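Participant: next come a sequence and a model predicted from it.
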2 protein chains.
Amino acid sequence: MKILIVEDEKALLSTVGNFLTKQSYICELAENFQTADQKVSIYEYDIILLDITLPDGNGLQLLKTIQKYNSKAGVIIISAKNSLDDKINGLDLGADDYITKPFELAELNSRIKALIRRRQFNGSSLVAFNEIEINTDSKEVTVKGNKIVLTKKEYDLLLFFIVNRNRVLTKEAIAEHLWQDNIDLADNFDFVYTHINAVRKKIKQAGGNDYIKTQYAMGYKFTDS
Amino acid sequence: MKILIVEDEKALLSTVGNFLTKQSYICELAENFQTADQKVSIYEYDIILLDITLPDGNGLQLLKTIQKYNSKAGVIIISAKNSLDDKINGLDLGADDYITKPFELAELNSRIKALIRRRQFNGSSLVAFNEIEINTDSKEVTVKGNKIVLTKKEYDLLLFFIVNRNRVLTKEAIAEHLWQDNIDLADNFDFVYTHINAVRKKIKQAGGNDYIKTQYAMGYKFTDS
DNA sequence: ATGGTTCTTTAGATTTCCTTAAGATTTTTT
DNA sequence: AAAAAATCTTAAGGAAATCTAAAGAACCAT
């Protein structure tokens, strides 16, 4: 099982490299965009760990090279905190999973294992939270195996929640993600209510739990507990 | 992610403060050189927004204090129009970016995000004081591992205390932080009592110590000793 | 154009919690 | 020791945030 680790922070790079080597993976390291791009276009990897913030280029660009020369590889994005949208852009561009800095090595390990497991069965990219699954390729959403049909806004909203699980998201942050620039930040964001209501309704109808927890005056949190 | 906003125009200060708070940053405000200098030399920040034209000193001077005590912080200079030299001096003295008045909140936001990305903050989302822990991502608060549920005002208050530990905070300072602009300085601040009482009660109920020490006629201090 | 879908707006119902007020308690001053 | 000032505590009315449903507006494919 070959893994390429792309990360410009040297300390982190070698920590992760050492750890994964001990876990019996064959590791290669790249600490900038150029090296990574070169390696990806020449060699084959099973897993690529990709930090998207690199000094000499954006890791998201690398995803294109990966798709071209290394389409069988599974990609886990390493994202900086607070770059909420990067995660989703990554998933759109073909990444399979993401992990937020700082992270536990144990967590990284279990995500790698999960990815390997998934890849062996079907090559599609899945984002899941308990009984809710999103296939980001086909954009299909299932709840307890039942397919539910979401509109684009609803889909974006649910994906945003699941990718940012266990994080309180303010209405403003949600609005900013869903409407990008077409939004007046001084506006009121009451229309968010409507879409949250719609998503809740559809998940409930399919027999799913309501993981969207309202935190009065703070925002919403997608969580188990 | 902690941000210090240094700006003498009160209206702008509170607008920016409110906005960034809603974007899930932990904000502190300073409306003159002296306060800012003091805060910078005592506390740690991730980002400092710095207006250089202050009534009681030049913001560029502050950069030296920042360098000395807060060298990890990223600095964005807020400059008045046409003071090009200030910008250049600022960048020379270690600022990371600048933004010109008047500016859009959206623009400020994206510059902050860019700065975070560049600096690759692994902004710790844990704030702790002995047996009390606050996860600022999930906004969960635990006391001896027991989760307690706080309202927004209570949460803000506790966070303010812990961030400003070992420091006597007047009722006025607390009120100013919790209510930002919506406050009449001629008012009495009796309502602070109610919230302090609520926080104390909930922490006690979860088996925690009462670190909120009342200093008669002076204020409150969150401390061990 | 037309019909269907999705998005936004509106407004009333509901929930949550913030402020107020008033009496009790503590600390300081006289 | 009494008076004054500051703080504590509790409960209830009202303000603010959220929910919900339904109608109007925009969009899209035919």
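Facilitator: Looks like it arrived, so ask away. No experiment lies behind these values; they were computed from the predicted model shown. Residues are numbered from 1 along each chain as shown, chains lettered A, B, ... in the order given.
Participant: distance of the nearest residue to residue A:67 once chain neighbours are set aside from residue A:160?
Facilitator: Across the structure, with Cβ to Cβ, 6 or more residues apart in numbering or on different chains as the measure, the residue nearest residue A:67 apart from its sequence neighbours is residue A:94 (5.5 Å). C-beta: built from backbone N, CA, C; applies to glycine. Distance, residue A:94 to residue A:160, by Cβ to Cβ, to the nearest Å: 18 Å.
Participant: and residue A:15, how many residues sit next to it?
Facilitator: Close neighbours of residue A:15, defined as other Cβ atoms under 10 Å in any protein chain shown, add up to 13.
Participant: flag every buried residue along the host helix or strand of it.
Facilitator: Here residue A:15 is covered by helix A:10-22, with elements defined by DSSP states H and E. Along helix A:10-22, these residues count as buried under the neighbour rule (16 or more other Cβ atoms under 10 Å in any protein chain shown): A:12, A:13, A:16, A:17, A:20.
Participant: figure out how far the next helix or strand after it is from the centre of its chain.
Facilitator: Helices and strands here follow DSSP H and E; after helix A:10-22, the next one along the chain is strand A:26-30. Between the centre of strand A:26-30 and the centre of its chain there are 22 Å (Cα atoms, centre = their mean, to the nearest Å).
Participant: what bridges to the residue sitting nearest the centre point of chain A?
Facilitator: Closest to where the C-alpha atoms of chain A average out (Cα atoms, centre = their mean) is residue A:98, at 4.1 Å. Beta-bridge pairing for residue A:98 (DSSP bridges): residue A:77.
Participant: do you know how far it is from residue A:8?
Facilitator: On the measure of Cβ to Cβ, residue A:98 and residue A:8 end up 17 Å apart.
Participant: cool, and residue A:74?
Facilitator: Applying Cβ to Cβ to residue A:74 and residue A:8 gives a distance of 21 Å.
Participant: contacting residues around residue A:114?
Facilitator: The contact partners of residue A:114, taken as Cβ atoms under 8 Å, 6 or more residues apart in numbering or on different chains, are residue A:97.
Participant: which pLDDT does the model give it?
Facilitator: The model reports residue A:114 with a pLDDT of 81.
Participant: do the one 10 residues further on as well
Facilitator: Confidence at residue A:124, expressed as pLDDT, is 56.
Participant: tell me what the helix holding residue A:15 is packed against?
Facilitator: The criterion is 3 or more Cβ pairs under 8 Å, 6 or more residues apart in numbering or on different chains; DSSP states H and E, and the helices and strands that helix A:10-22 contacts are strand A:2-6, strand A:26-30, helix A:105-121.
Participant: mean neighbour count, those: which tops it?
Facilitator: Ranked by mean neighbour count, the helices and strands packed on helix A:10-22 are led by strand A:2-6 with a mean of 23 (mean count of other Cβ atoms under 10 Å in any protein chain shown).
Participant: that one: how far from the chain's middle?
Facilitator: On the basis of Cα atoms, centre = their mean, strand A:2-6 is displaced by 18 Å from the centre of the chain it belongs to.
Participant: coming back round to it: save the helices and strands packed on helix A:10-22 as JSON lines, and put in distance to residue A:212 too.
Facilitator: Compiled in JSON lines, the helices and strands packed on helix A:10-22 are given as follows (distance: least, Cβ to Cβ, whole Å):
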{"stretch": "strand A:2-6", "distance to residue A:212": "34"}
{"stretch": "strand A:26-30", "distance to residue A:212": "39"}
{"stretch": "helix A:105-121", "distance to residue A:212": "24"}
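Participant: so which helix or strand of chain A has the lowest pLDDT on average?
Facilitator: None of the helices or strands of chain A scores lower by mean pLDDT, DSSP states H and E than helix A:84-92, at a mean of 66.
Participant: returning to that earlier point: wait, which of the helices and strands packed on helix A:10-22 is closest to DNA strand D?
Facilitator: Nearest to DNA strand D among the helices and strands packed on helix A:10-22 is helix A:105-121 (30.0 Å), distances taken as Cβ to the nearest atom of the strand.
Participant: C-alpha coordinates for the closest one, PDB please?
Facilitator: Taking C-alpha atoms only, helix A:105-121 is exported to PDB below (Å, rounded to 0.1, in the frame of the first residue of the first chain):
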ATOM      1  CA  LEU A 105      -2.400  10.300  14.300                       C
ATOM      2  CA  ALA A 106      -4.900   7.700  15.400                       C
ATOM      3  CA  GLU A 107      -7.600   9.600  13.600                       C
ATOM      4  CA  LEU A 108      -5.600   9.800  10.500                       C
ATOM      5  CA  ASN A 109      -4.900   6.100  10.600                       C
ATOM      6  CA  SER A 110      -8.600   5.200  11.000                       C
ATOM      7  CA  ARG A 111      -9.500   7.400   8.100                       C
ATOM      8  CA  ILE A 112      -6.900   5.800   5.900                       C
ATOM      9  CA  LYS A 113      -8.200   2.400   6.800                       C
ATOM     10  CA  ALA A 114     -11.700   3.500   6.100                       C
ATOM     11  CA  LEU A 115     -10.700   4.800   2.800                       C
ATOM     12  CA  ILE A 116      -8.900   1.600   1.800                       C
ATOM     13  CA  ARG A 117     -12.000  -0.300   2.800                       C
ATOM     14  CA  ARG A 118     -14.300   1.800   0.700                       C
ATOM     15  CA  ARG A 119     -12.000   1.800  -2.300                       C
ATOM     16  CA  GLN A 120     -12.000  -2.000  -2.400                       C
ATOM     17  CA  PHE A 121     -15.700  -2.200  -2.700                       C
END
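Participant: quick one, that helix and helix A:10-22 angle?
Facilitator: 60 degrees (axes from the mean of the first three to the mean of the last three Cα atoms, to 10 degrees).
Participant: can you name the residue of chain A nearest to DNA strand C?
Facilitator: Closest to DNA strand C within chain A is residue A:151: 3.0 Å, counting by Cβ to the nearest atom of the strand.
Participant: what about that residue, neighbour count?
Facilitator: The number of residues packed near residue A:151 is 12, by other Cβ under 10 Å.
Participant: against residue A:144, how distant is it?
Facilitator: Here the distance between residue A:151 and residue A:144 works out to 21 Å (Cβ to Cβ).
Participant: then residue A:18?
Facilitator: From residue A:18 to residue A:144 the distance is 41 Å (Cβ to Cβ).
Participant: and the helix or strand that residue A:161 is a member of, what's buried?
Facilitator: Under the criterion of DSSP H and E, residue A:161 resides in helix A:152-163. By neighbour count on 16+ other Cβ under 10 Å, the buried set for helix A:152-163 is A:153, A:154, A:155, A:156, A:157, A:158, A:159, A:160, A:161, A:162, A:163.
Participant: the first one against residue A:197, yeah?
Facilitator: Right, residue A:153. No. Contact between residue A:153 and residue A:197 fails when scored by Cβ atoms under 8 Å: they sit 11.9 Å apart.
Participant: contacts for the helix holding residue A:161?
Facilitator: Counting contacts by Cβ under 8 Å, 6+ apart, the residues touching helix A:152-163 from outside are A:84, A:87-88, A:91, A:98, A:127-129, A:132, A:134, A:136, A:139, A:141, A:150, A:169, A:174, A:177-178, A:195-196, A:198-199, A:202, A:211-212, A:220, A:222.
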